[in-house]
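[1] What follows is a predicted structure for the sequence shown.
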Amino acid sequence: MSAIVAIVGRPNVGKSTFFNRLIQRREAIVDAVSGVTRDRHYGKSDWNGKEFSLIDTGGYVLGSDDIFEQEIDKQVELAIEEADAIIFMVDVEAGITGMDEDVARLLRKVSKPVFLVVNKVDNAKREEQAVEFYSLGLGDYYSLSSINGSGTGELLDALVEVLPESTEEADELPRFAVVGRPNAGKSSFINALIGEDRYIVTDIAGTTRDSIDTRYNRFGFEFNLVDTAGIRRKAKVKEDLEFYSVMRSIRAIEHADVCLLVVDATRGFDGQVENIFWLAARNNKGIVILVNKWDLIEKETQSVKKFTQNIKKSIEPFTDVPIIFISALTKQRIFKAIETAVTVYENRSKKIPTRKLNDIMLPIIEHTPPPSYKGKYVRIKFCTQLPTPYPQFAFFCNLPQYVKDPYKRFLENKLRENFDFTGVPITIFMRKK
Ligand code: GDP
Ligand code: GDP
């Protein structure tokens with residue numbers, strides 16, 4: 001998992017402009033692979049070879065112009081809880097406002113690294129004006145212009161310096177995270193699963209963030225459950241905003257191999273669930289969708305089919321995902337859920353021998369080659385699975401830039417048909433040979 005950086009600040013200071021600048025290059029790649037553009041407030045960036053996740057907290061607040069001060073406070077509180085570093089952005093054009101002072105007051109108390117960023121410093125004159133922000137009591141600041149990019153390098157140098165190293169934990173046990181919207185039944189599911197009356201919530205304040213896995217041995221499977229219990233700690237923070245469920249899912253998702261996405265059957269697969277789904281998919285995590293509270297659904301003959309179709313429509317083009325109808329209450333198909341998660345875990349760590357891969361894929365490619373582009377023919381000569389923790393494939397050819405997304409999706413579908421990758425995102429690279 002990579003370190004998490006949250007951007008906080010009042011509306012209109014330029015948070016999303018800055019966010020977009022940092023994630024643009026990578027997002028373009030990710031979107032080209034998946035063929036979709038989704039949540040624009042969360043993304044990966046990197047600097048000097050160090051990767052981090054970036055969250056634009058403001059992006060999750062609705063009607064940001066008339067935002068309540070209280071909302072900002074909650075936003076900052078949550079960022080303090082969940083992030084490894086915080087970027088507090090202010091606006092030199094507007095100068096210091098009351099809301100800036102409120103945020104600064106909250107941030108002065110935290111021990112995590114806080115970077116005060118004075119934005120919209122587009123020229124030297126504004127550089128002079130920026131000094132007033134010393135009075136926020138947060139020490140030195142970084143001045144930059146999100147629009148033209150000047151000054152961002154200095155900030156990023158300092159930022160990646162303080163971030164913890166990213167780690168792919170080398171435990172051979174599957175790590176499962178139970179994620180979903182508030183009230184979907186996540187804790188009920190975990191209770192049903194681990195057979196305790198209550199899901200014991202340990203106060204992890206003060207302990208390191210890396211020790212949030214708990215080992216379980218259930219139904220003959222051994223796995224680590226990524227502890228999302230921290231989620232419950234601050235009940236005083238209202239849970240109804242999208243921001244909170246997403247923000248709180250991020251760390252669990254990043255820590256997991258497979259995400260069990262719990263959906264409330266009575267509410268359906270709505271936009272917020274979709275966001276969590278894409279969060280997992282973009283992080284190349286395995287996914288199992290659990291449609292919970294199935295006991296509450298008046299069954300008709302087509303119920304399962306209709307639900308399945310609706311979900312698949314929302315998650316196109318990545319539809320090769322298991323969907324299981326469960327009830328945490330009656331424990332219906334709880335075992336099946338875990339069994340499926342284990343299968344998805346195995347699919348995610350599967351390595352197809354190069355010989356076998358080529359024996360299957362080359363004849364398919366020969367039969368249906370990439371369409372010619374500008375009169376040029378693309379010849380794919382060879383493919384191989386990369387030695388990454390999740391499935392990525394490189395196809396070597398003469399003109400990689402001419403292979404477009406539809407053909408990559410065709411290759412992906414053929415891989416899925418011939419080798420079981422259910423529940424697992426696949427990345428395809430075209431490389432020059
Ligand atoms: P957010 O509400 O904090 O996410 O702010 P936005 O990113 O939406 O930016 C608010 C406004 O400030 C927009 O009109 C941006 O074009 C403008 N803006 C953002 N960054 C800069 C900058 O570096 N210089 C100038 N002059 N304007 C900026
Ligand atoms: P969480 O916020 O996602 O952890 O959700 P909870 O586990 O706290 O469940 C929210 C509410 O849904 C509680 O009142 C549960 O009793 C109820 N609930 C959870 N799973 C089921 C289920 O399978 N069937 C029914 N009927 N209710 C459920």
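    Sure, I can see it. Ligands and ions are numbered 1, 2, ... in the order given.

[2] I figured residue 214 hits residue 225, correct?
    Yes. Taking CB atoms under 8 Å as the definition, residue 214 is a contact partner of residue 225 at 5.2 Å. C-beta here means a position set from N, CA and C on the backbone, and glycine is covered the same way.

[3] The two: who's more crowded?
    Ranked by neighbour count (other CB atoms under 10 Å), residue 214 and residue 225 place residue 225 first, with 24 against 15.

[4] Phi, psi for the more buried one please.
    Here is the backbone geometry of residue 225 (degrees, to the nearest 10): phi -100, psi 120.

[5] residues contacting it?
    175, 176, 177, 178, 190, 194, 213, 214, 215, 216 (CB atoms under 8 Å, 6 or more residues apart in numbering).

[6] same thing with residue 326?
    Contacts of residue 326 by CB under 8 Å, 6+ apart are 189, 290, 291, 292, 294, 332, 333, 334, 336, 337.

[7] quick revisit: what remains of the contacts of residue 225 if I keep only buried residues?
    Among the contacts of residue 225, those scoring as buried are 175, 176, 177, 178, 190, 213, 216 (criterion: 16 or more other CB atoms under 10 Å).

[8] Among these, which one sits closest to ligand 1?
    residue 177 (28.9 Å; CB to the nearest ligand atom).

[9] Can you tell me the element the closest one falls in?
    In this structure, residue 177 sits in strand 175-180 according to DSSP states H and E.

[10] strand partners of that strand, parallel vs antiparallel please.
    When sheet partners are counted by DSSP bridges, strand 175-180 sits next to strand 221-226 (parallel), strand 258-264 (parallel).

[11] Toward the C-terminus, what is the element adjacent to the longest one?
    Think strand 258-264. Heading C-terminal from strand 258-264 (DSSP H and E), you reach helix 271-282.

[12] Does anything pack onto the helix or strand following that next one? Which helices or strands?
    Under the assignment DSSP H and E, the closest C-terminal helix or strand after helix 271-282 is strand 286-292. Where contact means 3 or more CB pairs under 8 Å, 6 or more residues apart in numbering; DSSP states H and E, strand 286-292 is packed against helix 186-194, strand 258-264, helix 271-282, helix 303-314, strand 323-325, helix 334-349.

[13] okay, these, which one's buried deepest?
    Of all the helices and strands packed on strand 286-292, strand 258-264 carries the top mean neighbour count, a mean of 27, counting by mean count of other CB atoms under 10 Å.

[14] Show the average pLDDT along that strand.
    Mean per-residue pLDDT for strand 258-264: 96.

[15] do the same with stretch 57-68
    According to the model, stretch 57-68 has a mean pLDDT of 54.

[16] excluding its backbone neighbours, what's nearest the residue nearest in space to the middle of the chain?
    Nearest to the mean C-alpha position of the chain, by CA atoms, centre = their mean, lies residue 279 at 3.1 Å. Nearest non-adjacent residue to residue 279, counting by CB to CB, 6 or more residues apart in numbering: residue 253, 5.6 Å away.

[17] Would you agree that neighbour is in contact with residue 176?
    No. The criterion here is CB under 8 Å, and residue 253 misses it with residue 176 at 11.1 Å.

[18] Need the residues touching each of those two.
    residue 259.

[19] quick one on the thing from earlier: so which of the helices and strands packed on strand 286-292 is nearest ligand 1?
    Of the helices and strands packed on strand 286-292, nearest to ligand 1 by CB to the nearest ligand atom is helix 271-282, at 17.9 Å.

[20] Which secondary structure elements does the closest one sit against?
    Helix 271-282 packs on helix 15-34, strand 175-180, helix 242-255, strand 258-264, strand 286-292, going by 3+ CB pairs under 8 Å, 6+ apart.

[21] Over it, what's the mean pLDDT, rounded is fine.
    88.

[22] For residue 136, which non-adjacent residue is closest in space?
    Distances taken as CB to CB, 6+ apart place residue 104 nearest to residue 136, at 4.1 Å, with adjacent residues excluded.

[23] which strands and helices sit next to the host helix or strand of that neighbour?
    If you go by DSSP H and E, residue 104 is part of helix 98-108. In terms of contacts (3+ CB pairs under 8 Å, 6+ apart), helix 98-108 is packed against helix 69-82, strand 85-91.

[24] Point out the most buried one among those.
    By mean count of other CB under 10 Å, the helices and strands packed on helix 98-108 have strand 85-91 as the most buried, with a mean of 25.

[25] re the thing from before, where's the residue nearest to the centre of the chain relative to ligand 2, distance?
    As judged by CB to the nearest ligand atom, to the nearest Å, residue 279 and ligand 2 stand 16 Å apart.

[26] my guess is that residue contacts residue 42, does it?
    Yes. At 6.5 Å, residue 279 and residue 42 qualify as touching, with contact defined as CB under 8 Å.

[27] which residues in the stretch 101-250 of the chain form helices?
    124-129, 152-162, 186-194, 242-255 (DSSP state H, counting those that start in this stretch).

[28] most packed of those helices?
    Greatest burial across the helices of the stretch 101-250 of the chain, using mean count of other CB under 10 Å, falls to helix 242-255, with a mean of 23.

[29] circling back to that earlier point, out of the contacts of residue 326, who's near ligand 2?
    Contacts with ligand 2 within these, counted by CB under 6 Å from any ligand atom: residue 292.

[30] Out of the contacts of residue 326, which is nearest to ligand 2?
    residue 292 (4.9 Å).

[31] Can you check what pLDDT the model gives that closest one?
    Reading off the model, residue 292 has pLDDT 97.

[32] That one bridge partners, please.
    residue 264.
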